[in-house]
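>>> need a 3D model of the following:
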Amino acid sequence: MLVHGIVLLLILAVAPSYSLICYECSCSQPDLSACRCEDTSESFDNDYCVIAEQRFTDETNLQLSRIPRNSTYIYIEDPYYILMQESIRYNKTTSNWNLVTTGSLFGCDWDYCNSPNLINALPNSFRFTIDKAWLDTNIYGTGNISACHTCAFETCGDPANPLNFTQCPLIPCVTATTCLVYDLWSDFDGGSQCYQSQCAPDYLDGEFGEIYGGKYRLDIEGVVYLQQDHSSYDIWEIDVYCGAVNCSRPTIFEEIIDVLNYDIVDLSPFPSVRPTTTQAPPTTSTPIANPLTCYNCACIGTTTCTCTSTVVTSLDETYCIVARENIGQEVFINYGYIESDSTYVYILEAPFVVVEETIAYDEKGIRWLTTTDYVVYGCNWNLCNKPELLPLLPSSFRMRLPEPWLNANILGTGQPVRDCHECPDAPQCGTTEFLDASRCPVKACNTTCLVLDVFNDPADDLLCYQSFCIPPDADEYNIYHNRVEIEGIIYANEPTVVKIWEIDLYCRADDCSRPEIFKELRDQLVVEPGTLSALFNETYDPSIPQRRCYDCYCYNEPNCNCTRSTLMNAESTYCLIIRENYGQDYWITMGHIYDTSTRVNIIDFPYLLSEETIRYNDNTEVWNTITNFVIFGCDWDLCNDPKLAPYLPSSFQMRLPEAWLNTNVYGNGLPVRDCHECPDAPQCGTEEFLDASRCPIKACNTTCLVADTYDDPGQDELCYQSFCAPPDSEFFEIDPHRVELEGILYIDKVPRTIELWEVDIFCRADDCSRPEIFKELQAQLTLSVGDLSAFEGLSTTVQPVTATPTGQTATATPTDQPETETTTPTIPSNAPMLNS
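The predicted structure follows:
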């Protein structure tokens, strides 16, 4: 095993023992402010607290957290310890050997023991050193070797059962010039050793070889148990990268131990005796906004994974997960959380299941095999990632492609020589029909093409395409030369629909990097996700009331058939149907809306709201009324029935006399006039006591924008704002003479009245920005809502829709409902429904 780093693999913890509170923070040197946190986790599992440090050339990252007792390859004898990772590296320029510390880990097992105050007390190094002459002879040598001992896997032994080195014969290296030999789980005192050797990876000979640590070095892991002798260090692992003759011999590790020196560093901040009392918890705490509690454990090599440890995060930024990852024959299981923005494609809702599968060509078996890389279940309520869900995770989505298609489009002849589109630095985005592939010119490639379809939105046919020829020294890309990796997601509300997130192609066929290949692949792809009903049986926190709403959108479809529904918090959302008009086209959307999304609080349900514009047409010299959008809002399960969509009123028929509009909005049509100026904030008061002096009159040579905002009809309150539009504002130049009005009608309120939420006036008439203009407008305004019988009598049980859609002849008798109902407007107010 190569150096495995401070981030250690986790395996199943033993039976629960006691509660332990650990700090949970992360930061980077030199700014440690993020680690001065008060976030903690509490666990009843057999784990311990840690401060983990990873050092890179340009930064040092720190994490305060917790890990299971069995999380390291060598069993921790005592979880109160310090581990250092150090590397003795050869500098070819100076011919000297330098010591580099790559990481450290402090472990402890009492409440709050991984305090941020200990970060600066961690030792910089154990100062491992070896005589230069010995290193020059036994590690560097001539700098080049022709053969290394090579083992198919590690071989282990002890004095009673010696290592069988015949399993690791000397084998010539094809391209490598150094050996990599390492020992694992060694017990030098007991004489046991696990040994493995091979030719060093080719990337160490590349231009980035020094970034990985170089070709000639010793990587050493040493640990000191802090409740024992601070001068006694145990060596866990030694990795040797060498170019001397026979440097991969099995005895090299015993020889290294004999010549290895270290300094006894100052560990006085870490007492030899554990504290008899735990550290005090933080005296103050900053509550987590919208807290979300998730199970937090990890296991390896087991089909089950019990867990009682939890962690608290924020629902605004994270969701809980149950993840199962397959690497070879090993299975890794993780309960925890991930950031909401950590995925390439935005997750629309929870719960969901994400699966990544690989279709790879088996050159020995001459066949294509599908394997599952990982399965992730995500959810967003407290303790939703419970261990009982693990056996319910699907093993696969059974993604399949026809073998003839794979042979022709991925494998080809199997030879590495072909052309490949080249845009390695960034993806090129567009639709599958209008992607500009010229930004990725075709170049000769003698390895493998890697072609990526990333950030894809199937609904909008959006494709972000990237392609490049894999460098010959990139070993991580050459595990399989011919394979297809596909990532798909299923949402609980559409449990049979798999949405494809990302497709990665590793191909050697002619023209396999063409952008069109992804559309062809989708046409050929067969997916069989199976049933996920048991996994999605619970889709929300049972302790929080939920509201189910239809959730669809349609383009130029008057009926907008919809069977999809979603659940959201009933205490903060309600259902709606909205029809938005754009010229001759329109969108119908059904879904949830937050209570706080409107500037004025909705006081009753159900309601209808309309925004309309009275606009002057310079060509016809006529004032026309157009409807921008109409909304129906309600607050019980599935109340936004798609059957109601055709019955949304086309308009509230808001009308003003043309003579009044010509005088008070149009004027002479020229832009020169005076305009009240208070652009920064509205000025509020009643109609009788509004202090207009806060908005002084100034000359204006464009268009006055006058708004009545945040109006409370019940209190006769007016919030007035006015300013002269900037001359370079395209928005205000579109229609310099218009009136925009928003009105709401509470369907069950008797008598029915329409409250004006907002009035915006774009005007060029003399004195058109006077505050009194809104009261004058109200006196002139007429409205007519038409037939609303489809929305009458609605309750928590949706009633059958029997009325006739807008624009058709009504079948109800005149006594059932008048064909037209005229309503009287109330005092204006302003709260755009779509203010975001």
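>>> alpha carbons only for contacts and neighbour counts from here, please
Noted.
>>> can you tell me which helices and strands the helix or strand containing residue 156 packs against?
Assigned by DSSP states H and E, residue 156 belongs to strand 155-157. Applying 3 or more Cα pairs under 8 Å, 6 or more residues apart in numbering; DSSP states H and E, we find strand 155-157 packed against strand 192-199.
>>> next SSE downstream of the strand it packs on?
Note on strand 192-199: by DSSP H and E, the next helix or strand toward the C-terminus is strand 217-225.
>>> who does that next one pair up with?
Looking at strand 217-225 with DSSP bridges, its partner strands are strand 81-91 (antiparallel), strand 234-242 (antiparallel).
>>> worst mean pLDDT among those strands?
Comparing mean pLDDT across these, the weakest is strand 234-242, with a mean of 89.
>>> now the angle from the helix or strand following that one to strand 217-225?
Following strand 234-242 in sequence order, the next helix or strand is helix 252-259 (DSSP H and E). Helix 252-259 runs at 60 degrees relative to strand 217-225, counting by axes from the mean of the first three to the mean of the last three Cα atoms, to 10 degrees.
>>> and the residue nearest the centre of the chain, what element?
Geometric centre of the chain, nearest residue: residue 341, 2.2 Å, by Cα atoms, centre = their mean. Assigned by DSSP H and E, residue 341 falls within no helix or strand.
>>> quick one: contacts for the residue nearest to it when sequence neighbours are not counted?
Leaving aside its chain neighbours, residue 341 sits nearest to residue 317 (7.7 Å; criterion: Cα to Cα, 6 or more residues apart in numbering). Neighbour list for residue 317: 339, 340, 341 [criterion: Cα atoms under 8 Å, 6 or more residues apart in numbering].
>>> ok, now how distant is the first one from residue 794?
Between residue 339 and residue 794 the computed distance is 41 Å (Cα to Cα, to the nearest Å).
>>> more neighbours: these two, which one.
residue 794 (18 against 14; other Cα atoms under 10 Å).
>>> show me how far stretch 364-374 is from its chain's centre.
For stretch 364-374, the separation from the chain centroid amounts to 29 Å (computed by Cα atoms, centre = their mean, to the nearest Å).
>>> oops, could you answer that again for stretch 213-222 instead?
For stretch 213-222, the separation from the chain centroid amounts to 36 Å (computed by Cα atoms, centre = their mean).
>>> let me know the average pLDDT across it.
91.
>>> cool, and stretch 467-482?
pLDDT averaged over stretch 467-482 gives 71.
>>> quick one: end-to-end distance for that stretch.
Stretch 467-482 has its terminal residues 15 Å apart, counting by Cα to Cα.
>>> going forward, the N-terminal residue is numbered 45.
New numbering, starting at 45: the last item is stretch 511-526.
>>> mind listing what the residue lying closest to residue 338 once chain neighbours are set aside touches?
Excluding the flanking residues, the one nearest residue 338 by Cα to Cα, 6+ apart is residue 427, at 4.8 Å. Going by Cα under 8 Å, 6+ apart, residue 427 touches 337, 338, 339, 364.
>>> so which of those wins on neighbours?
residue 364 (32 neighbours).
>>> show me the beta-bridge partners of it.
residue 381, residue 423.
>>> for it, give its distance to residue 355.
For residue 364, the distance to residue 355 equals 10 Å [Cα to Cα].
>>> so what sits against both of those two?
Common contacts of residue 364 and residue 355, defined by Cα under 8 Å, 6+ apart, comprise 337, 338, 339, 380.
>>> Serialize those to JSON lines and add fields for pLDDT.
Shown next, in JSON lines, are the shared contacts of residue 364 and residue 355 (pLDDT from 0 to 100):
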{"residue": "337", "pLDDT": "90"}
{"residue": "338", "pLDDT": "91"}
{"residue": "339", "pLDDT": "91"}
{"residue": "380", "pLDDT": "89"}
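>>> now for those residues, which pair is the farthest apart?
337 and 380 (9.4 Å; Cα to Cα).
>>> between those two, which contacts overlap?
By the contact definition Cα under 8 Å, 6+ apart, residue 337 and residue 380 are jointly contacted by 355, 364.
>>> show me where this protein has helices.
Using DSSP state H, the helices found in the chain span residues 176-179, 296-303, 447-450, 561-568, 702-705, 774-778, 817-824.
>>> put together JSON lines for those helices, with mean pLDDT, mean neighbour count and distance to residue 167 on each row.
As requested, those are exported to JSON lines (pLDDT from 0 to 100; neighbours: other Cα atoms under 10 Å; distance: least, Cα to Cα, whole Å):
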{"stretch": "helix 176-179", "mean pLDDT": "94", "mean neighbour count": "15", "distance to residue 167": "24"}
{"stretch": "helix 296-303", "mean pLDDT": "90", "mean neighbour count": "14", "distance to residue 167": "22"}
{"stretch": "helix 447-450", "mean pLDDT": "94", "mean neighbour count": "15", "distance to residue 167": "55"}
{"stretch": "helix 561-568", "mean pLDDT": "91", "mean neighbour count": "15", "distance to residue 167": "52"}
{"stretch": "helix 702-705", "mean pLDDT": "94", "mean neighbour count": "15", "distance to residue 167": "80"}
{"stretch": "helix 774-778", "mean pLDDT": "56", "mean neighbour count": "12", "distance to residue 167": "62"}
{"stretch": "helix 817-824", "mean pLDDT": "92", "mean neighbour count": "16", "distance to residue 167": "73"}
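>>> any chance of the ones you listed in CSV with distance to residue 458 as columns?
Formatted as CSV, the helices of the chain follow (distance: least, Cα to Cα, whole Å):
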stretch, distance to residue 458
helix 176-179, 44
helix 296-303, 41
helix 447-450, 12
helix 561-568, 18
helix 702-705, 76
helix 774-778, 57
helix 817-824, 76
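>>> so what's residue 200 up against?
Residues in contact with residue 200 (Cα under 8 Å, 6+ apart) are 206, 207, 208, 236, 237, 238, 239.
>>> residue 437 now?
Contact partners of residue 437, counting by Cα under 8 Å, 6+ apart, are 419, 420, 421, 579.
>>> can you do 7 Å?
residue 579 (Cα atoms under 7 Å, 6 or more residues apart in numbering).
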